[in-house]
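Trainee: Give me coordinates for this.
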Amino acid sequence: MTFHRISLTALALLAYGARPAAALDRPEITFKIFQFPADKIPRIDGDPSDWDIVPDSYAIDGSQLRDDGGQHQSPDPKTFDLKVKVGWVKGLNQLFFLYEATKGRWEFSSPALPGDKFELVVDGDASGGNLIYPPRREPGDPRPGPDSRIDTTEAHWAVAGVQAQNYHIFTPAADKDWCMFWGAPTWAKELPYANAASRYNFHSGEGGKLVLEFWVTPFDYAGAEGPQRAVPSVLTENKVIGLSFAIIDSGDTPGGRSHFWNLSRHHTMFGDASLLCAFRLMPIEPNLLPAIQAQWRWKVVDMDRHLVAFKDTSVGQVTSWKWDFGDGTTSTEQHPIHQYKRAGGFTVLLDIAGPAGTSRRSKVGDVQLR
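Mentor: Model (predicted):
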């Protein structure tokens with residue numbers, strides 16, 4: 001098998017009629033992704049208590065889902081009660097999920113694909129387009145179908161899961177991997193790129209409550225050749241990403257009708273990232289921030305001239321700043337630019353003050369000039 005480079009992937013996406021990310025579904029709503037503080041990262045152990053700090057406004061319940069068949073109704077909470085929360089941590093390009101559901105019958109007896117599943121699709125850069133091959137089309141879609149000039153197998157290796165990822169997560173996973181990754185880069189479901197845990201006390205065919213925790217790494221590029229050339233999506237505050245999920249419900253009776261409870265209003269979102277919903281990576285909730293805390297970043301503007309830019313990123317209301325650049329000079333600017341007279345390593349301090357008090361942050365030897 002010859003693995004394709006990203007240039008062929010781009011060509012294939014054009015051939016399949018990819019749509020721009022402006023086509024993200026449900027323009028009337030932008031769902032929120034909760035930002036966990038760095039000291040409260042949820043532990044993946046099936047215990048949902050780490051998520052108690054997440055406000056209910058972040059929760060997605062069954063009322064937001066529609067069954068793609070029948071009358072497009074939502075799940076009846078009396079027979080299928082569910083809640084989904086999504087989180088992130090600044091500096092980690094990972095998305096965290098909590099899925100809690102209670103229903104009268106769970107089906108997971110098959111060692112293969114059939115059974116109850118939580119199907120997640122994520123497009124970390126909201127670039128849109130097809131993520132599986134051949135492309136799925138809904139009735140009336142004017143875009144072209146498969147290009148007969150492109151080999152189906154080769155197209156799978158070049159496109160499937162490369163620019164957006166689809167996870168069929170088994171609920172629960174009994175005697176099999178936690179999910180099936182629908183695409184060529186199946187390594188993306190393994191550590192250090194993903195992890196999952198669940199808790200339940202029922203057998204297949206019985207009812208009860210399921211708690212599923214997991215995290216995944218979204219990728220702008222994830223090739224079948226392995227992670228060596230992969231490009232994780234960079235997650236930053238207020239960024240909008242494409243994301244949707246569907247709950248594949250096997251029904252309440254053996255052999256009963258299956259439901260596809262979908263957050264998107266398009267069934268084929270599972271293979272077309274342009275049909276995902278918009279999710280925004282939110283700032284930390286104010287009540288989780290300290291009243292005042294000194295923080296800052298730095299960047300060498302010109303190494304030859306030893307010119308360094310400093311940026312205050314402190315938390316809280318700040319009324320005064322004092323920088324000690326570690327070379328005997330200081331500044332009271334909020335975002336100073338400083339020119340050092342020599343090379344070396346410098347310990348820089350920032351002291352801030354405000355109505356809530358004072359705070360100091362030093363970086364020991366971080367500023368290195370040659």
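
Trainee: OK, contacts around residue 215?
Mentor: Applying C-beta atoms under 8 Å, 6 or more residues apart in numbering, we find residue 215 in contact with 44, 94, 95, 96, 97, 194, 195, 196. For glycine as for every other residue, the C-beta is placed from the backbone atoms N, C-alpha and C.

Trainee: Distance to residue 60 and pLDDT added to the residues you listed, as a markdown table?
Mentor: Formatted as a markdown table, those follow (distance: C-beta to C-beta, whole Å; pLDDT from 0 to 100):
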| residue | distance to residue 60 | pLDDT |
| --- | --- | --- |
| 44 | 20 | 97 |
| 94 | 19 | 98 |
| 95 | 14 | 98 |
| 96 | 14 | 98 |
| 97 | 11 | 98 |
| 194 | 21 | 98 |
| 195 | 22 | 98 |
| 196 | 19 | 98 |
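
Trainee: what secondary structure does residue 247 sit in?
Mentor: strand (DSSP: H, G, I helix; E, B strand; the rest coil).

Trainee: What residues does the residue lying closest to residue 37 once chain neighbours are set aside make contact with?
Mentor: Nearest residue to residue 37, sequence neighbours excluded (C-beta to C-beta, 6 or more residues apart in numbering): residue 288, at 5.5 Å. Residue 288 makes contact with 37, 40, 53 under the criterion C-beta under 8 Å, 6+ apart.

Trainee: backbone phi and psi for the residue nearest to residue 181 when sequence neighbours are not counted, please?
Mentor: Counting by C-beta to C-beta, 6+ apart, residue 181 lies nearest to residue 189, which is 4.4 Å off, once chain neighbours are set aside. Per-residue torsions, residue 189: phi -90, psi 0 (degrees, to the nearest 10).

Trainee: Of the contacts of residue 288, which is the nearest to residue 334?
Mentor: Nearest to residue 334 out of the contacts of residue 288 is residue 37 (C-beta to C-beta; 23.9 Å).

Trainee: Burial check on the closest one, number of neighbours?
Mentor: The number of residues packed near residue 37 is 14, by other C-beta atoms under 10 Å.

Trainee: got a list of what it touches?
Mentor: Shown in contact with residue 37 (C-beta under 8 Å, 6+ apart): 89, 284, 288.

Trainee: Name whatever forms a beta bridge with residue 231.
Mentor: As for beta bridges, residue 231 partners with residue 221 under DSSP bridges.

Trainee: what sits against it?
Mentor: Contacts of residue 231 by C-beta under 8 Å, 6+ apart are 219, 220, 221, 222.

Trainee: Isn't the third one up against residue 161?
Mentor: No - at 10.4 Å, residue 221 and residue 161 do not qualify as touching, with contact defined as C-beta atoms under 8 Å.

Trainee: Compare neighbour counts for those two and give me the winner.
Mentor: Neighbours were counted for residue 221 and for residue 161 using other C-beta under 10 Å; residue 161 has more, 24 against 15.

Trainee: Ignoring the adjacent residues along the chain, who's closest to the more buried one?
Mentor: residue 183 (2.0 Å).

Trainee: Which of the contacts of residue 37 fall within strands?
Mentor: Counting by DSSP state E, those place residue 89 in strands.

Trainee: one step back: from residue 144, how far off is the residue nearest to residue 161?
Mentor: 22 Å (C-beta to C-beta, to the nearest Å).

Trainee: so residue 160 sits right up against residue 181, yeah?
Mentor: No - the pair residue 160 / residue 181 is not scored as a contact, 9.4 Å apart, by C-beta under 8 Å.

Trainee: gap between residue 283 and residue 32?
Mentor: 10 Å.

Trainee: more neighbours, the two?
Mentor: Remark: of residue 283 and residue 32, residue 32 carries more neighbours, 18 against 11, as counted by other C-beta under 10 Å.
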